[in-house]
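1. below are the sequence and a predicted model for it; my questions follow.
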Amino acid sequence: MPRVVNTIAEWRALRAAHRAAGRTVGFVPTMGALHAGHASLFHAARRDCAVVLASVFVNPTQFDEKHDFELYPRMLDQDCALMDAAGVDVVFAPSVAEMYPNGTRYAVTENQFSRELCGAHRPGHFDGVLTVVMKLLQIADADRAYFGDKDQQQLQLIRGMVEAFFLPTQIVPCPTVREADGLAMSSRNARLSPAERALAPQFHQALVAAPTAAAARVQLEAAGFRVDYVEDRDGRRYGAVRLGATRLIDNVAR
Ligand code: PAF
């Protein structure tokens, strides 16, 4: 089983020993409720680095809806079993107080792309993501950090932040992992009812096959999805939809 550390001081002591021994560190930040998509990030880090660090932290500042934060699955024991199988060495699982000793007094803000696509529908979400990723990257002090293509807007914003603040960690993007029917893996998929789960693959199909973003929207609404947005930009089609209380996001190259 991976070693679980709950404090920054504990990880820093381990990090110093790895540095002294010349070992590279690969870091995978997560909010837990792990699935095969996360496992692919752990495998990529395992392939590249001597030590694999994962974090499991359900970050309160990136939830724009209180009930979504409260409902977010927390299952560290189960997550540790998956991380063990995927070759994770150390899990950083801090408390909210450990991560936010000054509350929300200090934060990272991006004022362009973070306001578009998902940001236009989830006010403050990306400020919360960037703030916690800034903290996690500073704590991890890793050589490389791994993020999934599924959260493409998040990935681009994190890359921009790393560049803007001259952070030394290399950001490594990893391909979206899909179910056999095309649905992108997500911790939120577990919340779909059987009927919603049966409908969900049409989201990816519409993004891939519809001739225009507007046509994809019409197709999805006719099928019973509530559509936050479908937009084509910079060679990708991005979408976010809701099925009941569950929000799904995806993107495909065009
Ligand atoms: O993608 C996620 O799971 C989260 O947004 C992240 C990057 C772990 C920050 O909380």
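-> That came through, no problem.
2. do the longest helix along the chain and the ligand meet?
-> If you go by DSSP state H, the chain has its longest helix at helix 125-140. Yes - judged by CB under 6 Å from any ligand atom, helix 125-140 comes into contact with the ligand at 129, 132-133. In this view, the C-beta of every residue, glycine as well, is placed from N, C-alpha and C.
3. return the distance of that helix from the chain's centre.
-> Centroid displacement of helix 125-140 relative to its chain, using CA atoms, centre = their mean, to the nearest Å, is 11 Å.
4. in it, what's buried?
-> 125-137, 139-140 (16 or more other CB atoms under 10 Å).
5. now for that helix, which elements pack on it?
-> The helices and strands touching helix 125-140, judged by 3 or more CB pairs under 8 Å, 6 or more residues apart in numbering; DSSP states H and E, are helix 8-20, strand 25-30, strand 51-56, strand 90-92, helix 118-121, helix 152-164.
6. how does it look with 6 Å?
-> helix 152-164 (3 or more CB pairs under 6 Å, 6 or more residues apart in numbering; DSSP states H and E).
7. just the angle between the helix it packs on and strand 25-30, please?
-> With axes from the mean of the first three to the mean of the last three CA atoms, to 10 degrees defining the directions, helix 152-164 sits at 140 degrees from strand 25-30.
8. can you list contacts of helix 152-164?
-> By CB atoms under 6 Å, 6 or more residues apart in numbering, the list of residues contacting helix 152-164 from outside reads 110, 114, 117-118, 126, 129-130, 133, 147, 171, 173, 251.
9. rerun that using 7 Å as the cut-off
-> Outside helix 152-164, the residues within contact range by CB atoms under 7 Å, 6 or more residues apart in numbering are 108, 110, 113-114, 117-118, 126, 129-130, 133-134, 147, 149, 169, 171, 173, 236, 238, 251.
10. and if you look at stretch 75-82?
-> Stretch 75-82 is contacted by residues 1-2, 4, 32-34, 39, 56, 91, 93 when judged by CB under 7 Å, 6+ apart.
11. mind listing what's buried along it?
-> 79-80, 82.
12. helices and strands around the helix or strand of the chain with the lowest mean pLDDT, which ones?
-> Counting by mean pLDDT, DSSP states H and E, the chain has its least confident helix or strand at helix 66-71, which shows a mean of 90. When contacts are defined as 3 or more CB pairs under 7 Å, 6 or more residues apart in numbering; DSSP states H and E, helix 66-71 packs onto no helix or strand at all.
13. who touches it?
-> Helix 66-71 is contacted from outside by 60, 63, using CB under 7 Å, 6+ apart.
14. OK, contacts around whichever residue of the stretch 151-254 of the chain sits closest to the ligand?
-> Nearest residue of the stretch 151-254 of the chain to the ligand, counting by CB to the nearest ligand atom: residue 151, 5.1 Å away. With contact set as CB under 7 Å, 6+ apart, residue 151 has no partners.
15. thanks a lot, see you next time.
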